[in-house]
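Chemist: need the 3D shape of this:
(one chain, ligands or ions: 1)
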Amino acid sequence: MRKIPVAGPWVTEKEIAYTAEAARSAWYERANEFNQRFERAFADYIGTRFAVSLPSCTSAIHLSVAALGIGPGDEVIVPDCTWTATAEPIIYQGATPVFADIDRDTWCLRPDALEAAITPRTKAVIPVDLYGNVPDWNALLEIAKRHQIAVIEDAAEAIGSTYHGKQAGSFGITGVFSFHGTKTLTTGEGGMLVTDREDIYRRVLVLRDHGRKPGDTGFYFEEIGFKYKMSSLQAAFGLAQIERVEELISRKRQQHAWYRRELAEVPGIRLNVEPPHTRNSFWMNTIVLDPSYGWPKEKLQRQLAEFGIATRPFFYPLSSLPAYRAFAPADSARRNPVAYEISPWAINLPSALGLTEDDIVYVCDHLKKLLKQRG
Ligand SMILES: *Cc1c(COP(=O)(O)O)cnc(C)c1O
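Modeler: The predicted structure is shown next:
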């Protein structure tokens, strides 16, 4: 049977050559060279002053929260539907995540929901560019500024998406990216933190290396930090990927256009949106079925799997999950109605960079057949 993966990278001889070069040369006084080149190229692409290569996006979120001095007694607002790593580092720091509702079209944090979730204890908000979609940044930033709360942008899923010409990842005090093997740009595992703020940049460099200043050889530790570094082999791979980033995004956009064409005539189905003045890098092609189909996402996923088609569930509201029971009010479904309305009926369709037009037609043919039987 045909096997259609849900996510996966696009690797060329360039990545292989750069990584081999790092394996040969990136030691001794050249140990840091590929990290520096990757960070410079990445910061230039996003349009920020600084970039720090890290082992994951989770560590980038953790460092962002820590560098802002967030701790016990503080609240940080996150959209209710996101990957668990958006919220976990808030808890690592002893602070409290607060789950706010999402927008019906972009599936990102909704400005009015952000405003409603703010309390005197709110220190920060972490909007997420979900599946490559971007939120209404102007409205979110205006609210954050008025209430004097810090913004951390989780752009893990949105490299290359733009809002009024500005790159995803450049809207907050920090922006964070993931290079996990499923993401548009990958280093296998990896992440990046970008910022324009020199003080935050310097603080992150200290916190990510056991609390010592860059270049320290004295081993006289004055505070507790973390160990969050990317290897030069990963950085070399990432440098090749960032040099190809527009090619990667074009591929994603082409795949989305194929899905849009194939599913255009299907009633009661919604896909990722691309509002005016935005560019969507379409990390995950996502469908939301009309609830009138009465077709829970888990069931749809099982049926597609019978044809070798791998999918993912749209994120469950974090406030509905056992892991967050201690942080979620009992009436979360009433507070965040859109999150609870969309999540049961939505899935990510196969979006691996290696998929061809033929693969996507195959996926859509099976999906349409199942929907017709259902309808
Ligand atoms: C993938 C992802 C992360 C975490 O990335 P890692 O590199 O796996 O730590 C964080 N936030 C979102 C929204 C993600 O999709």
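
Chemist: which phi and psi does Ile242 have?
Modeler: Torsion angles at Ile242 (phi, psi; degrees, to the nearest 10) stand at phi -70, psi -30.

Chemist: tally of neighbours for it?
Modeler: Ile242 has 23 neighbours, counted by other CB atoms under 10 Å. (C-beta placed from N, C-alpha, C; glycine too.)

Chemist: hang on, Ile90 packs against Leu68?
Modeler: No: in this structure Ile90 lies outside contact range of Leu68 using CB atoms under 8 Å: 10.9 Å.

Chemist: when those two are compared, which one has more neighbours?
Modeler: Ile90 (26 against 20).

Chemist: in the helix or strand containing the more buried one, which residues are buried?
Modeler: Ile90 belongs to helix 88-92 when elements are defined using DSSP states H and E. The neighbour-count check on helix 88-92 (16 or more other CB atoms under 10 Å) flags 88-91 as buried.

Chemist: same question for stretch 314-330.
Modeler: For stretch 314-330, burial by neighbour count (16+ other CB under 10 Å) applies to 314-320, 324, 327-328.

Chemist: can you name the two of those residues that are farthest apart?
Modeler: Phe314 and Phe327 (20.8 Å; CB to CB).

Chemist: would you mind measuring from the residue located most distally from the centre of the chain to the ligand?
Modeler: Most distant residue from the mean C-alpha position of the chain: Gly218, 37.3 Å away (CA atoms, centre = their mean). To the ligand, Gly218 is 31 Å away according to CB to the nearest ligand atom, to the nearest Å.

Chemist: what pLDDT does that residue get?
Modeler: Gly218 is assigned 93 on the pLDDT scale.

Chemist: could you verify that it is part of a strand?
Modeler: No: applying DSSP: H, G, I helix; E, B strand; the rest coil, one finds Gly218 to be coil, outside a strand.

Chemist: could you chop this structure up by domain?
Modeler: What automatic domain parsing lists as the domains of the chain is 13-243, 246-374.

Chemist: ok now the last one, how far from the chain's centre?
Modeler: So the one you mean is domain 246-374. In terms of CA atoms, centre = their mean, to the nearest Å, the centre of domain 246-374 is set 16 Å apart from its chain centre.

Chemist: pretty sure Leu353 contacts Arg251?
Modeler: Yes: judged on CB under 8 Å, Leu353 makes contact with Arg251 at a distance of 5.5 Å.

Chemist: anything in contact with each of the two?
Modeler: Common contacts of Leu353 and Arg251, defined by CB atoms under 8 Å, 6 or more residues apart in numbering, comprise Trp10.

Chemist: how much space between Asp105 and Leu130?
Modeler: Counting by CB to CB, to the nearest Å, the separation of Asp105 from Leu130 is 11 Å.

Chemist: quick one: which of those two has more around it?
Modeler: Taking neighbours as other CB under 10 Å, Asp105 and Leu130 compare with Leu130 leading, 29 against 14.

Chemist: the more buried one touches Cys81, doesn't it?
Modeler: Yes: with contacts counted by CB under 8 Å, Leu130 reaches Cys81, the gap being 7.0 Å.

Chemist: residue contacts, Ala333?
Modeler: Contacts of Ala333 (CB under 8 Å, 6+ apart): 317, 319-320, 340.
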